[in-house]
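this is a predicted model, with the sequence first.
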Amino acid sequence: MALPTPTWGDLGDLLPGPWAEVVGATTRESIQTIGVTLSRMPPSEIVPPPVGVFRALGVAPADVRVLIVGQDPYPTPGHAMGLSFSLPPGTNPLPPSAKHILLELHSDLGITAGTTFDLTPWAQQGVLLLNRHLTTTAHTPGAHASLGWQGITDALIEGLCSVNQHFVAILWGRHAQQLSAVLSNVPIIESAHPSPLSARRGFFGSKPFSRANQELEKMGLTPIDWTLR
């Protein structure tokens with residue numbers, strides 16, 4: 001029998017168990033409150049759908065090796081997939097931020113990924129691809145910044161650090177760098193955001209992928225294979 005499709009009213013129940021344990025009841029209640037607010041909006045206007053909101057948290061806290069923080073989901077319907085910066089296979093054309101990350105990936109490690117930007121292979125290796133705000137209105141970037149998502153992602157990162165400090169944080173742009181204080185006990189790689197407005201102000205040439213692997217090796221951990229297929 002097929003399981004019922006999750007709705008916004010179910011949002012509090014969709015947080016994966018290992019993360020629910022590290023954030024506590026207050027955060028879970030706040031998630032449910034956001035879900036109630038979202039349930040009053042037309043479903044077609046919200047991205048991603050409920051089933052994708054916590055997809056990044058498929059990586060359990062203890063298994064995180066690299067954290068990459070984004071701002072909010074892609075606002076174009078069909079683009080947001082619950083992993084920061086990632087796009088479903090076949091997305092064409094790629095948004096500028098994705099193109100810029102691919103350029104830096106090639107410059108840093110010589111990796112050529114063609115036109116795909118599905119970052120699932122990174123997530124499968126313990127890369128936590130988490131946005132600061134986990135939903136937005138279709139065609140409207142940052143529309144849900146006031147719903148309370150920032151408090152939720154603060155709690156998620158604090159919970160992560162309470163059980164695991166053997167990972168590397170990659171913080172692109174001002175919104176991600178707000179987490180620096182919480183991440184004070186882990187290696188942090190900061191640069192400008194890969195967006196068209198800021199990529200040439202420090203993102204290009206920042207070598208985040210090789211630097212992250214160097215930090216992992218210092219901790220005795222296996223580097224990430226950043227190849228995209």
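Received the coordinates, thanks.

where do the strands sit along the protein?
Using DSSP state E, the strands of the chain run over 46-47, 66-70, 127-131, 136-137, 168-172, 188-191.

so for A25, which of these sits nearest?
Of all the strands of the chain, strand 127-131 sits nearest to A25, with 21.0 Å by CB to CB. Using the backbone N, CA and C atoms, a C-beta is placed for each residue, glycine as well.

contact partners for the closest residue to L160 other than its chain neighbours?
Spatial nearest neighbour of L160, chain neighbours left out: P61 (4.9 Å); criterion: CB to CB, 6 or more residues apart in numbering. Counting by CB atoms under 8 Å, 6 or more residues apart in numbering, P61 makes contact with P18, W19, V22, G159, L160, V163, N164.

ok, and the most crowded of those residues?
Top of the contacts of P61 by neighbour number is L160, holding 27 neighbours under the definition other CB atoms under 10 Å.

hang on, it packs against L130?
No: between L160 and L130 there is no contact under CB atoms under 8 Å: 9.1 Å.

need the residues touching each of those two.
L67.

the residue nearest the centre of the chain pairs with what?
Closest to where the C-alpha atoms of the chain average out (CA atoms, centre = their mean) is L130, at 2.0 Å. Beta-bridge partners recorded for L130 (DSSP bridges): V69.

relative to Q165, how far out is it?
L130 sits 17 Å away from Q165 when distances are taken as CB to CB, to the nearest Å.

which stretches in this structure count as helices?
Using DSSP state H, the helices of the chain run over residues 17-39, 96-109, 120-123, 149-163, 174-177, 208-218.

mean pLDDT lowest where, among these?
If you rank the helices of the chain by mean pLDDT, helix 174-177 sits at the bottom with a mean of 90.

go through the helices of the chain and name the closest to A56.
That would be helix 120-123 among these, by CB to CB, at 7.0 Å.

which residues are in contact with that closest one?
56, 58-59, 66, 68, 83, 86, 129, 224-229.

for stretch 189-204, same thing?
Contacts of stretch 189-204 (CB under 8 Å, 6+ apart): 71, 85, 96-97, 100-101, 103-104, 107, 168-174, 176-177, 180, 206, 208, 211-212, 215.

how about 6 Å then?
P96, S97, H100, I101, I170, L171, W172, G173, Q177, S206, P208, R211 (CB atoms under 6 Å, 6 or more residues apart in numbering).

gap between the two ends of that stretch?
Stretch 189-204 has an end-to-end distance of 13 Å (CA to CA, to the nearest Å).

now it, how far from the centre of its chain.
Stretch 189-204 has its C-alpha centroid displaced from the chain centroid by 17 Å (CA atoms, centre = their mean, to the nearest Å).

would you mark the buried spots in that stretch?
Of all the residues in stretch 189-204, those buried under the rule 16 or more other CB atoms under 10 Å are I189, S191, A192, H193, P194, S198, A199, F203, F204.

separation between the nearest residue to P77 once chain neighbours are set aside and P49?
Spatial nearest neighbour of P77, chain neighbours left out: A138 (5.0 Å); criterion: CB to CB, 6+ apart. Applying CB to CB, one obtains 11 Å for the distance of A138 from P49.
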